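*Asks:* how would this look folded up:
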Amino acid sequence: MSVIYRSDDATALVGMPELVVGVQLFRDGEWWLHVETPAEVTWCAGCGSRAVGHGRTRTQVRDLPISGVPTVMVFSRRRWRCPEALCSTRTWSEQIDAIAPRAVLTERARQRIADMVNTEGSSVAAAAVSFGVGWHAAHDAVIDYTDPHINDPDRLDGVRGIGVDEKRFLNATAQHRTVFTTQIVDLDRHVLLDVIEGRSADVLGTWLAERGADWCANITLATLDPAAGYRSALNTHLPNAVRVVDHFHAIKLANTATDDTRRRVQQDTLGHRGRNGDPLYRGRRVFLTAWERLSDERLAWMLDVLAVGDPYGELGAAIMAKELLREVYNARDVAHARRRLIVFFQHCADADTVELKRLAATVDRWRPEFLAYHTTGGASNGRVENIHMLAEKIRRNAHGFSSHTNYRRRLLGRLGIKSATIQTRRIRGRQPHSAA
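*Replies:* Residues are numbered from 1 along each chain as shown. Coordinates of the predicted model:
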């Protein structure tokens with residue numbers, strides 16, 4: 001255990017101008033710093049008389065680590081007393097912005113915890129452990145330094161294109177059904193705008209109505225998956241927006257139809273669901289792969305599998321429908337896409353299977369949104385799917401959420417706020433050749 005007495009260098013190193021560092025004690029792997037405010041004259045706020053000292057109280061608070069070493073500040077807080085007997089102000093304690101009353105953390109330590117959670121992606125529990133405080137103390141810091149940014153009305157300014165999609169929030173249990181949320185993403189800035197509980201037309205419509213008519217009128221592009229509720233809300237509240245279903249969700253519909261056909265043919269021909277030795281089950285992933293990504297050997301293998309397990313060619317027709325729908329999105333322009341769409345519809349009608357009839361009916365209902373992919377230069381919901389992936393990482397890192405309020409705060413703090421981080425300045429002009 002080493003003891004160092006008052007040092008101006010330590011005061012400068014700590015970097016809190018309103019405090020002076022006195023005794024510095026290194027004990028049990030931690031720095032303990034005795035700090036106090038510089039001596040100065042204080043006046044009574046009630047009568048204006050010069051205050052007299054009334055002792056001190058000492059408070060232990062956690063501060064930022066010093067060179068990776070945990071640090072505890074022992075703040076010697078002055079107490080003052082008014083000498084006037086008739087003054088209603090009796091005694092009071094000095095207040096500083098750096099250390100709040102009854103706090104266990106300095107304000108800059110609380111801000112550091114919020115940065116760890118919002119910028120670096122740490123969980124609240126991990127941030128709390130790193131500062132030796134409880135989960136609730138760390139969570140309160142996250143709330144105080146995150147909610148003002150979330151509630152800032154300027155955060156939603158300048159949005160021109162949005163992407164909308166659902167995301168599972170809670171899995172079904174014996175007490176409740178699966179809970180979904182609707183996530184709204186700014187397509188230009190790649191930031192999360194909001195996370196709403198529910199996935200209906202009313203949920204999305206209410207959120208858009210709260211933004212106001214002027215905000216909605218500025219939206220010129222909206223990407224979505226083929227969900228009728230979302231389309232209804234976008235049609236009602238975004239009069240100037242072009243709605244687009246991108247190729248990912250369109251081909252997902254075709255893949256679902258292909259899988260449904262494979263399962264039905266499997267049951268019809270063998271009388272049971274797919275098993276490891278069954279030909280159709282062995283090719284389930286190859287059937288969903290784009291043809292241009294298959295080698296000649298793999299393509300020949302797929303055709304042999306279909307010859308054995310698909311006697312009536314129904315699964316082959318579903319695979320062909322999937323490829324024809326892909327050709328719609330690979331068209332040169334809208335006119336070319338319309339012609340390819342006619343070929344797709346004709347193929348589905350000739351196949352005369354329940355899965356392809358259902359797929360063709362869905363594509364027909366969403367025909368304007370499918371073709372708008374070409375009028376918007378290939379607008380995609382990919383940024384929304386990327387936000388989904390990052391949101392899932394946050395949920396897993398926190399081992400799940402039970403409160404939608406905390407879930408929304410954590411996602412918006414991490415994915416909805418652009419932090420002004422200061423990049424570390426390089427001390428070399430170029431990377432050394434010896435660097436790995």
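*Asks:* please name the nearest non-neighbouring residue to Glu94.
*Replies:* Arg78 (4.7 Å; CB to CB, 6 or more residues apart in numbering). Yep, even glycine has a C-beta here, placed from its N, CA and C like the rest.
*Asks:* would you say that neighbour is within a helix?
*Replies:* No. Counting by DSSP: H, G, I helix; E, B strand; the rest coil, Arg78 is not found in a helix; it is strand.
*Asks:* tell me the gap between the helix or strand containing Val363 and the middle of its chain.
*Replies:* When elements are defined using DSSP states H and E, Val363 is found to belong to helix 354-365. Helix 354-365 sits 34 Å away from the centroid of its parent chain (CA atoms, centre = their mean, to the nearest Å).
*Asks:* also stretch 120-138?
*Replies:* Offset of stretch 120-138 from its chain centre (CA atoms, centre = their mean): 19 Å.
*Asks:* the nearest residue to Asp333 once chain neighbours are set aside: what's it in contact with?
*Replies:* Nearest in space to Asp333, with sequence neighbours left out and distances taken as CB to CB, 6+ apart, is His374 at 5.9 Å. Taking CB atoms under 8 Å, 6 or more residues apart in numbering as the contact definition, His374 lies against Ala331, Asp333, Val334, Ala337.
*Asks:* by neighbour count, which of those wins?
*Replies:* Counting neighbours by other CB atoms under 10 Å, the top entry in these is Ala337, with 19 neighbours.
*Asks:* measure that residue to Arg428 for me?
*Replies:* Counting by CB to CB, to the nearest Å, the separation of Ala337 from Arg428 is 52 Å.
*Asks:* before we move on, what about Asp350?
*Replies:* When distance is defined by CB to CB, Asp350 is 67 Å away from Arg428.
*Asks:* my guess is Ala138 contacts Ala127. True?
*Replies:* Yes. At 5.1 Å, Ala138 and Ala127 qualify as touching, with contact defined as CB atoms under 8 Å.
*Asks:* those two: who's more crowded?
*Replies:* Under the neighbour definition other CB under 10 Å, Ala138 and Ala127 were set side by side, and Ala138 has more, 28 against 22.
*Asks:* chain center to the helix or strand containing that one: distance?
*Replies:* Secondary-structure assignment from DSSP H and E places Ala138 in helix 135-150. Put simply, helix 135-150 sits 16 Å off its chain's centre (CA atoms, centre = their mean).
*Asks:* by contact count, what packs against it?
*Replies:* Using 3 or more CB pairs under 8 Å, 6 or more residues apart in numbering; DSSP states H and E as the contact test, the elements touching helix 135-150 are helix 107-118, helix 124-131, helix 404-415.
*Asks:* quick one: average pLDDT of the longest helix along the chain?
*Replies:* Counting residues, the longest helix in the chain under DSSP state H turns out to be helix 247-270. The average pLDDT for helix 247-270 rounds to 94.
*Asks:* distance between it and the chain's centre?
*Replies:* For helix 247-270, the distance between its averaged C-alpha position and the chain's averaged C-alpha position is 31 Å (CA atoms, centre = their mean).
*Asks:* what comes up buried for it?
*Replies:* Within helix 247-270, the residues that count as buried by 16 or more other CB atoms under 10 Å are 247, 249-251, 253-266, 269.
*Asks:* next, the angle from it to helix 354-365.
*Replies:* 160 degrees (axes from the mean of the first three to the mean of the last three CA atoms, to 10 degrees).
*Asks:* which other residues reach helix 247-270?
*Replies:* The set of residues that contact helix 247-270 without belonging to it, under CB under 8 Å, 6+ apart, is 225-226, 272-274, 278, 280-281, 284, 287-288, 309-312, 314-315, 317-319, 321-322, 325-326, 328-329, 353, 355-356, 358-359, 362-363, 370, 373, 380-382, 385.
*Asks:* any quick ChimeraX command for the buried ones out of the residues you listed?
*Replies:* Buried residues within those, by 16+ other CB under 10 Å, are selected in ChimeraX with:
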select :225,226,274,278,280,281,287,288,309,310,314,315,317,318,319,321,322,325,326,328,329,353,355,356,359,362,363,370,373,380,381,385
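*Asks:* quick check: pLDDT value at the nearest residue to Leu221 once chain neighbours are set aside.
*Replies:* Counting by CB to CB, 6+ apart, Leu221 lies nearest to Gly161, which is 3.7 Å off, once chain neighbours are set aside. Among the per-residue scores, Gly161 shows a pLDDT of 95.
*Asks:* state the distance from Gly161 to Thr182.
*Replies:* Separation of Gly161 from Thr182 (CB to CB): 17 Å.
*Asks:* end to end on stretch 369-382, go ahead and measure it.
*Replies:* In stretch 369-382, first residue to last residue: 16 Å (CA to CA, to the nearest Å).
*Asks:* export the contacts of His374 as JSON lines, with columns for pLDDT, distance to Met302 and secondary structure.
*Replies:* Written out in JSON lines, the entries for those read as follows (pLDDT from 0 to 100; distance: CB to CB, whole Å; DSSP: H, G, I helix; E, B strand; the rest coil):
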{"residue": "Ala331", "pLDDT": "94", "distance to Met302": "25", "secondary structure": "coil"}
{"residue": "Asp333", "pLDDT": "94", "distance to Met302": "32", "secondary structure": "coil"}
{"residue": "Val334", "pLDDT": "95", "distance to Met302": "32", "secondary structure": "helix"}
{"residue": "Ala337", "pLDDT": "95", "distance to Met302": "27", "secondary structure": "helix"}
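*Asks:* appreciated, that's everything.
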